[in-house]
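In: My questions are about this predicted structure, shown below with the sequence.
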Amino acid sequence: MVELPEDMNGEYKKALKQTLTIVGDTELLSVPPLLTVYNKAPSLNLKITALAVMQDEIGHAHIAYRLLEDLGEDKSELLYERAPHRWKNPFAFDFKLNNWIELGVFNGLFDRAGYTLLGDAFENTSYGPWKRALVKVDKEELFHLRNGETIMKLGMKNEETAKQVQDAVDWMFLMALEFFGVADNLKSRSAQIDYKLKGRTNDELRQKFMSTAVPFCESIGLKVPAHYDEEKDRFEIDVPFPCKFDIENRKWLYDQPDTWEGAIQRFKNRGPENAVFVQRIQKGAKELEELRNGGER
């Protein structure tokens, strides 16, 4: 186990910083989409649960940024001075949610992806402070995905909300698969594996995600574009992956296969709410700075 910055070489520290930045940005920027619909919760209990999930996510982000601070990064600069397109959150988090059911599918799929990734880190990471912090994070991410499953199950009990669940899964399922990164045969760097910042490859983690996501969705009557192939003993994706995505209509264009280079360019271009969501995070700090500067004048 590695405990202190002085115990790291340059490559280890760089890979660790990249990992923690992605985690911090992902955790923090999961909150603005949830805020767009949490007040549409059908009961006070569900609204309180949604707020608890968001509070957890902010706490997880704080852990990642605090560890980055230990590694020499300026936390204030990371949070309040970066341009929106420089944040490393998943493309899926650059969209408003349309209804309460989408919050549930968000938890059920995206938090499941986070639980898969962070669970692997907890099991395998060589960075001691991160491993200890993940004891708390791992349990809370499991709570989030269970909350999502509960909402999805309830949603399947009547025709109108069942359609909302299926519609949300239709665009979110492949988004969740993208969380794990490019296919293994296209990865040019393996520092995270080499330095034991994670234990499984991108494709192995994608398989682990599908091993619970696909059976759960099928068990409640949802259709997903993946299935378990008994002969190959693995889950197969039934549509082109990656493929083009119609951002305006939030629809995958299965007749237009894409490359990972094309998908990465889509990530870099960011989604429709990227700037708005980042500005929401930065708004208070910038207003406070303006007040201070005005007082100094």
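Out: Structure's in. What do you need? Residues are numbered from 1 along each chain as shown.
In: what does stretch 82-91 contact?
Out: Residues outside stretch 82-91 that contact it (Cβ atoms under 8 Å, 6 or more residues apart in numbering): 21-22, 25-26, 28-30, 110, 175, 178-179, 266-268, 270-271, 274-275, 277-279. Every residue, glycine included, has its C-beta placed from N, CA and C.
In: Show the buried residues in those.
Out: The neighbour-count criterion (16 or more other Cβ atoms under 10 Å) marks 21-22, 25-26, 28-30, 110, 175, 178-179, 266-267, 270-271, 274, 277-278 among the contacts of stretch 82-91 as buried.
In: show me the contacts for residue 268.
Out: By Cβ under 8 Å, 6+ apart, the contact list for residue 268 reads residue 85.
In: if I look at it, how far off is residue 64?
Out: 21 Å (Cβ to Cβ, to the nearest Å).
In: Residue 222 too?
Out: Separation of residue 222 from residue 64 (Cβ to Cβ) stands at 32 Å.
In: Between the two, which has more neighbouring residues?
Out: Taking other Cβ atoms under 10 Å, residue 222 and residue 64 do not tie; residue 64 has more neighbours (24 against 21).
In: helices or strands up against the helix or strand harbouring the more buried one?
Out: According to DSSP states H and E, residue 64 maps onto helix 44-70. In terms of contacts (3 or more Cβ pairs under 8 Å, 6 or more residues apart in numbering; DSSP states H and E), helix 44-70 is packed against helix 10-28, helix 31-35, helix 75-80, helix 128-155.
In: That helix: which residues count as buried?
Out: Using 16+ other Cβ under 10 Å as the test for burial, helix 44-70 gives 46, 49-50, 53-54, 56-57, 60-61, 63-65, 67-68.
In: Pick the one among these closest to residue 103.
Out: residue 50 (6.3 Å; Cβ to Cβ).
In: I'd say the closest one and residue 33 touch.
Out: No. Contact criterion Cβ atoms under 8 Å: residue 50 and residue 33 do not qualify, at 11.5 Å.
In: so how many other residues sit close to the residue lying closest to residue 222 once chain neighbours are set aside?
Out: The shortest distance from residue 222 to any non-neighbouring residue, by Cβ to Cβ, 6 or more residues apart in numbering, is to residue 169 (5.4 Å). Neighbour count of residue 169, defined by other Cβ under 10 Å: 23.
In: For residue 169, what is the enclosing helix or strand?
Out: helix 159-178.
In: C-terminal to that helix, which secondary structure element comes first?
Out: Downstream of helix 159-178, the next assigned helix or strand under DSSP H and E is helix 191-194.
In: In terms of secondary structure, what does that next one contact?
Out: The helices and strands touching helix 191-194, judged by 3+ Cβ pairs under 8 Å, 6+ apart, are helix 10-28.
In: Can you classify the closest residue to residue 164 other than its chain neighbours as helix, strand or coil?
Out: Spatial nearest neighbour of residue 164, chain neighbours left out: residue 101 (4.0 Å); criterion: Cβ to Cβ, 6+ apart. Under DSSP: H, G, I helix; E, B strand; the rest coil, residue 101 falls in the helix class.
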